[in-house]
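1. only geometry, no sequence info:
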């Protein structure tokens, strides 16, 4: 589409009305910021941003409603992780048994290198046990590289308990429903 | 040789240069603060020496105003690596910052920044051809920029240098012609006489508003300020003529820009706003006591700072002119306008007398 440019009038050619308009706009903004406190920026370390509920920050491990580890050391997240930030050491044949009934095993060690993590959320997506979640932390800082490799204890402590997501309880209920087959609606 | 003259001149030069640098440093702060307010931000409000937080009310307030920011900026420039790229013409590369800053500092020599203190006139050099000296020196300022653009031996600084030379030449003419009516009216080229005339008859901005407008706009162009900052156009030319410079060499260009701005606003204050005079409380007469003399210097500085604020304000409002628009405005609008202005003023003066 071709739009024909309207020739400027004499008044417009003088630039003066446009200049006065511009000065007015900038003055209004300066006035508002200075005297009406309408600044749009936030003074970060003191004021913090309210993170929206579905925000995807750093990945942490979560515990279930009984406080037991949900991760079963299947290593899917380790394999899917694009920057290879996750490292899982499985318990092995004679290792520690899982701390809850329905699970076969739990990881001996689970490390996420927060310097490598790209917050893509694939670990959360791939996890069959709903054990790893991208939570609200967005400002991960440390004094050394080693400090930013989070181990299992730290990840579990940061992740906390997620009673809202009770996969095994739901599974058990489903299994019970299956027994009296014609499912009541 | 008159030792008295030499000693007082050296003192005046030292104080003037010191004040010039201080104002330039705080002009940078003002630039950052005003730009922040215009863009709905807060601006620098963190930098403070560590003991500031122990001073009850004043410390936090000064920190919020960013009073210490220029110190941090200056320190940063000094501590940065002074890097000389491999491909540059070394000699020119080293000379260019000096060539840029020297004219911007010596141009203040003829500006009367106060009346008299004791028996000393508050002007470093009371030349009879003050304005000619100013234009002579101001036109040297472009050499620093052109030299920097050439010395860097890379395309963006080179383009910046070319633009700068073209821009300076076009606006120098209209700037020079715009002040001729002022001197026709005041009847002298000596800047102190211009101020004396204004003390008697009122500010020249009332008699020659068109001259002031042309001088102001040409002043934006001469000091490379937006809307005429084509030599350093960050969005097109990376950094323009100072792309390859770092550390204190870059700081000198920066300082030169702000010193130029101070010189331009000082010149405007002198020519159009009555210099160190105010039309009431007898402040338009040369001072008899040191107190009045200091007040008159402060009046000059206040007028200058008000004009500096206009410079900064305009910078954060305008988009940049295109190169051909710049040339069009300079040659086809302002030069004819300035000529007409001279003619009309001359005819009116002739008719009155």
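-> That came through, no problem. Note that the structure is a prediction, hence the values are computed from the model and not measured.
2. could you tell me which residues of the stretch 251-353 of chain B lie near chain A?
-> Within the stretch 251-353 of chain B, the positions lying close to chain A (Cβ under 8 Å from any Cβ of the partner chain) are B:313-314, B:316-318. In short, each C-beta sits where N, CA and C put it, glycine included.
3. now the residues you listed as a markdown table including secondary structure, pLDDT and neighbour count?
-> Listed next are those as a markdown table, based on DSSP: H, G, I helix; E, B strand; the rest coil; pLDDT from 0 to 100; neighbours: other Cβ atoms under 10 Å in any protein chain shown:
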| residue | secondary structure | pLDDT | neighbour count |
| --- | --- | --- | --- |
| B:313 | helix | 88 | 19 |
| B:314 | helix | 87 | 19 |
| B:316 | coil | 86 | 18 |
| B:317 | coil | 85 | 18 |
| B:318 | coil | 83 | 20 |
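4. need the pLDDT of the closest residue to residue A:76 other than its chain neighbours.
-> Excluding its sequence neighbours, the residue lying closest to residue A:76 (Cβ to Cβ, 6 or more residues apart in numbering or on different chains) is residue A:126, at 4.8 Å. Here the pLDDT value assigned to residue A:126 is 88.
5. around residue 32, how many other residues sit close by?
-> In the absence of a named chain, chain A is used. Neighbour count for residue A:32, taken as other Cβ atoms under 10 Å in any protein chain shown: 14.
6. the intended chain is chain B.
-> 18.
7. test my guess that it contacts residue B:45.
-> No - assessed by Cβ atoms under 8 Å, residue B:32 is found out of contact with residue B:45, at 10.3 Å.
8. overlap in contacts, the two.
-> residue B:66 (Cβ atoms under 8 Å, 6 or more residues apart in numbering or on different chains).
9. quick one: residues contacting the residue nearest to residue A:76.
-> Residue A:126 neighbours (Cβ under 8 Å, 6+ apart): A:76-77, A:80.
10. and chain A, which residues reach chain B?
-> A:19, A:22-23, A:25-27, A:29-30, A:32-34, A:38-41, A:43.
11. coming back round to it: mind checking which of the contacts of residue A:126 are buried?
-> A:76-77 (16 or more other Cβ atoms under 10 Å in any protein chain shown).
12. taking the centroid of chain B, which residue is nearest it?
-> Centroid-nearest residue in chain B: residue B:261, 2.1 Å away (criterion: Cα atoms, centre = their mean).
13. surely that residue and residue B:308 touch.
-> Yes - between residue B:261 and residue B:308 there is a contact at 6.4 Å, judged by Cβ under 8 Å.
14. picking up where we left off before, if I look at the residue nearest to residue A:76, how far off is chain B?
-> 42 Å (Cβ to the nearest Cβ, to the nearest Å).
15. for that residue, give me phi and psi.
-> phi -90, psi -20 (degrees, to the nearest 10).
16. before we move on, the earlier item: so what sits against both of residue B:261 and residue B:308?
-> Common neighbours of residue B:261 and residue B:308, counting by Cβ under 8 Å, 6+ apart, are residue B:27.
17. could you dump the residues of the stretch 251-353 of chain B next to chain A to a markdown table with distance to residue B:187?
-> Compiled in a markdown table, those are given as follows (distance: Cβ to Cβ, whole Å):
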| residue | distance to residue B:187 |
| --- | --- |
| B:313 | 34 |
| B:314 | 32 |
| B:316 | 39 |
| B:317 | 37 |
| B:318 | 36 |
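18. so residue B:214 is in which element?
-> helix B:209-222 (DSSP states H and E).
19. whoops, I mixed them up, residue B:261
-> Counting by DSSP H and E, residue B:261 is part of helix B:247-272.
20. pLDDT weak spots in the stretch 51-200 of chain B?
-> Where the stretch 51-200 of chain B drops to pLDDT under 70, the residues are B:118.
21. residue in it nearest to chain A?
-> Proximity of the stretch 51-200 of chain B to chain A (Cβ to the nearest Cβ) peaks at residue B:64, 10.3 Å away.
22. buried ones among the residues of chain A next to chain B?
-> For the residues of chain A next to chain B, buried by 16+ other Cβ under 10 Å: A:22, A:26, A:29-30, A:33, A:39.
23. which one of the residues you listed is nearest residue A:4?
-> residue A:22 (25.9 Å; Cβ to Cβ).
24. for that closest one, what are its contacts?
-> B:317-318.
25. helix or strand: which one has it?
-> With DSSP H and E as the criterion, residue A:22 is inside helix A:16-35.
26. quick check: angle from that helix to helix B:209-222?
-> 70 degrees (axes from the mean of the first three to the mean of the last three Cα atoms, to 10 degrees).
27. off-centre distance for helix A:16-35?
-> Centre-to-centre, helix A:16-35 and its host chain are 40 Å apart (Cα atoms, centre = their mean, to the nearest Å).
28. any idea of the mean pLDDT for that helix?
-> Average pLDDT, helix A:16-35: 88.
29. sorry, back to before: who's in contact with the residue of the stretch 51-200 of chain B closest to chain A?
-> Counting by Cβ under 8 Å, 6+ apart, residue B:64 touches residue B:45.
30. now the host helix or strand of it: buried residues?
-> Secondary-structure element containing residue B:64, defined by DSSP H and E: helix B:58-65. Judged by neighbour count (16+ other Cβ under 10 Å), helix B:58-65 contains these buried residues: residue B:63.
31. which element follows it toward the C-terminus?
-> Next element after helix B:58-65 (DSSP H and E): helix B:69-79.
32. what inclination does that next one have with respect to helix B:58-65?
-> 70 degrees.
33. mind listing what's buried in helix B:69-79?
-> By neighbour count on 16+ other Cβ under 10 Å, the buried set for helix B:69-79 is B:69-70, B:73-74, B:77.
34. how about stretch B:160-173?
-> Applying a neighbour-count criterion of 16+ other Cβ under 10 Å, one finds B:160-168, B:170-173 buried in stretch B:160-173.
35. how many neighbours does the residue in the stretch 1-150 of chain B that chain A sits nearest to have?
-> Nearest to chain A in the stretch 1-150 of chain B, going by Cβ to the nearest Cβ, is residue B:37, at a distance of 4.0 Å. Number of residues near residue B:37 (other Cβ under 10 Å) recorded here: 23.
36. helix, strand or coil for it?
-> For residue B:37, the secondary structure call by DSSP: H, G, I helix; E, B strand; the rest coil comes out as helix.
37. ok, it - contacts?
-> Applying Cβ under 8 Å, 6+ apart, the residues contacting residue B:37 are A:29-30, A:33-34, B:43.
38. okay, the residues you listed in JSON lines with distance to residue B:3 next?
-> Output for those, formatted as JSON lines (distance: Cβ to Cβ, whole Å):
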{"residue": "A:29", "distance to residue B:3": "56"}
{"residue": "A:30", "distance to residue B:3": "51"}
{"residue": "A:33", "distance to residue B:3": "54"}
{"residue": "A:34", "distance to residue B:3": "51"}
{"residue": "B:43", "distance to residue B:3": "48"}
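39. spatially central residue in chain A, please.
-> For chain A, residue A:56 is the residue whose C-alpha lies nearest the centre (Cα atoms, centre = their mean; 1.8 Å).
40. residues contacting the closest residue to it other than its chain neighbours?
-> Residue nearest to residue A:56 in three dimensions, not counting chain neighbours: residue A:134, with 3.9 Å by Cβ to Cβ, 6+ apart. The neighbours of residue A:134, taking Cβ under 8 Å, 6+ apart as the test, are A:55-59, A:119, A:121, A:124.
41. no further questions, thank you.
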